[in-house]
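K.L.:
Structure, please.
(2 chains)
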There are 2 protein chains.
Amino acid sequence: MEFKKYLTEQCAVVEHALARYMLTEEGPLANHIKAMRYSLFAGGKRIRPILALAAAEALHVTTDHLLPTACALECIHTYSLIHDDLPAMDDDDLRRGKPTCHVVFGEAEAILAGDGLLSFAFELLSHPDAQQGITPDAQLRVISIIAKAIGPVGMVGGQSLDLAAEGQAISFEHLRLIHGYKTGALITASVQAGAIFGKANEKQFAALSQYGTQIGLAFQIVDDLLDVEGTTEDLGKTVGADAQRKKATYPAFFGVAKTKVMAQEAVEAALTALEIFDAKAEPLRALARYIYERNN
Amino acid sequence: MEFKKYLTEQCAVVEHALARYMLTEEGPLANHIKAMRYSLFAGGKRIRPILALAAAEALHVTTDHLLPTACALECIHTYSLIHDDLPAMDDDDLRRGKPTCHVVFGEAEAILAGDGLLSFAFELLSHPDAQQGITPDAQLRVISIIAKAIGPVGMVGGQSLDLAAEGQAISFEHLRLIHGYKTGALITASVQAGAIFGKANEKQFAALSQYGTQIGLAFQIVDDLLDVEGTTEDLGKTVGADAQRKKATYPAFFGVAKTKVMAQEAVEAALTALEIFDAKAEPLRALARYIYERNN
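P.N.:
Purely as a prediction, here's the structure:
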């Protein structure tokens, strides 16, 4: 299948860039850097960087100058996983089939590894290499969009709401809010970062933002489904954890069958948003379908 | 005393700006924002923002456009205190005379409050208000300098080294390295941010950077001294904590008397670095002396 090859190739591009930009385990800071690298190179699917690259491609732009930004998105995603897994948060011992950062490096170092990755992401976002791909103005816009997406009124706020909602009876509206902040915001920002590097006009930017919102939604619905239907082997993390924690999920609200339809509808809406683009948006289209079909 | 008045006035400027830029406790995210605000408005001395403002002033520049950046420095400082105080780190219950964030809001929310403040700092650093004070290029430089100063090869790395060194026999060279990363880097970056808003030329930037390094050093030496000589009442945190944790400190290496001389020498070096500036650098000079004389 053509798309599998695309995914493998883009994943390799991202891995290569991460290896190039990430600090190496040398000198007195070796242990701290080791902890960051442990989680960063733990076999992630690199969806967010690939989305950024694919969004630029939809606008006929392929540029290595997008790579520091793409890597920053993965650093941010990894930091969020490390902190979410902490004993004080979701207390998960397993992630991507490997012991979580705090299990291997201890809680203090895991907190710092997350903090380090988050800070390092902004080093990458303001990296000279990035500035050659777009104007400084546009690069500041990328930084602003990403900072907002991952902050108090974004990813971090979403995690706070998610923890507060555990074991509580919450409305579906509140669940959507949590998902939007916790998962949707960074996915949308990833697509938007690519759109800015692709020099999107206003209409294109709005369409790509809408695409991002819809696949973010699909992503989270499928995550909820996988927690019910997946296997620990496929997921590399504990299955049924949501139910154990009495977390509100799509399947809990609507049952598995209707939830599947809702995920499909989100994917359809994402594809509709892409109608103004030509064949160069094929990878984005395939990514939307992939998010629905993935099993981990 | 003239300087006390200056400090009070500048502190009020920063408080006002923080109140203006910081999120308010509204809507579903109220609790998360409350946790951030609790620590941000816990009576900090606002040294880092004031240093940034004073550095610009030394270059004859007074601009409100520096305020988002100044606030970002305080958000970053506050996040670092919240995470340092966590049970998995220094496990401190008291900060600025008040219960620490995790004591009031729980460990999970304290981690998230720190994460939120760190992310929000980069919202402020890329804020449109900031961009009107300097060119987008210069603003990217500010972001890059601050991101590096607080990252793995900066503040976070320093905290990792500090934790690893507890109870260990370390060399004085290693202690200096830890201090430089953990405390010196952000203080230097604060001065440098102000220098960039002040449109410093290369020579001025180098002089201000040297000033920052030296007061950063003085600041940390005095911190070590206060842990030996201060009172819990003055400090608002537990005295003697370093000795209890068998932390390497300047007094442990050199005794109190020689340590005081070393702090004084760092202040002198900071003042020497300012020789190329006129009377507009008086606040910076007074700040250097203040750092030596402070009792909390």
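K.L.:
can you count the residues close to the residue lying closest to residue A:187 once chain neighbours are set aside?
P.N.:
Of all residues not flanking residue A:187 in the chain, residue A:216 sits nearest, at 3.9 Å (Cβ to Cβ, 6 or more residues apart in numbering or on different chains). (Glycine included, C-beta is placed from N, CA and C.) By other Cβ atoms under 10 Å in any protein chain shown, the residues close to residue A:216 number 26.
K.L.:
Surely residue A:216 forms part of a helix?
P.N.:
Yes: assignment of residue A:216 by DSSP: H, G, I helix; E, B strand; the rest coil places it within a helix.
K.L.:
My guess is it contacts residue A:181. True?
P.N.:
No: counting by Cβ atoms under 8 Å, residue A:216 stays clear of residue A:181, with 10.2 Å between them.
K.L.:
quick one: which helix or strand includes the spatially most central residue of chain A?
P.N.:
Residue closest to the average C-alpha location in chain A (Cα atoms, centre = their mean): residue A:48, at 4.7 Å. Following DSSP states H and E, one finds residue A:48 within helix A:47-58.
K.L.:
Looking at that helix now, give me its mean pLDDT.
P.N.:
For helix A:47-58, the mean pLDDT works out to 98.
K.L.:
report the angle between the axes of the following helix or strand past it and helix A:47-58?
P.N.:
Going down the chain from helix A:47-58, the next helix or strand is helix A:67-85, by DSSP H and E. Put simply, helix A:67-85 runs at 150 degrees to helix A:47-58, going by axes from the mean of the first three to the mean of the last three Cα atoms, to 10 degrees.
K.L.:
pLDDT averaged over helix A:67-85, what's the number?
P.N.:
98.
K.L.:
Also stretch A:202-219?
P.N.:
Per-residue scores along stretch A:202-219 average to 97.
K.L.:
now what about that stretch, what contacts it?
P.N.:
Residues outside stretch A:202-219 that contact it (Cβ atoms under 8 Å, 6 or more residues apart in numbering or on different chains): A:47, A:51, A:55, A:58-59, A:179-180, A:183-185, A:187-192, A:194-196, A:198, A:200, A:263, A:266-267, A:269-270, A:273-274, A:276-277, A:284, A:287-288, A:291-292.
K.L.:
Residue A:190 and residue A:52 touch, don't they?
P.N.:
Yes: with contact defined as Cβ under 8 Å, residue A:190 reaches residue A:52; the gap is 4.9 Å.
K.L.:
okay, and the common contacts of those two?
P.N.:
Taking Cβ under 8 Å, 6+ apart as the contact criterion, the common neighbours of residue A:190 and residue A:52 are residue A:73.
K.L.:
Might you list the low-confidence residue ranges for the stretch 151-296 of chain A?
P.N.:
Along the stretch 151-296 of chain A, segments meeting pLDDT under 70 span A:230-245, A:295-296.
K.L.:
try 90
P.N.:
Where the stretch 151-296 of chain A drops to pLDDT under 90, the residues are A:166-169, A:226-249, A:252, A:292-296.
K.L.:
my guess is residue A:229 meets residue A:257, correct?
P.N.:
No: assessed by Cβ under 8 Å, residue A:229 is found out of contact with residue A:257, at 11.5 Å.
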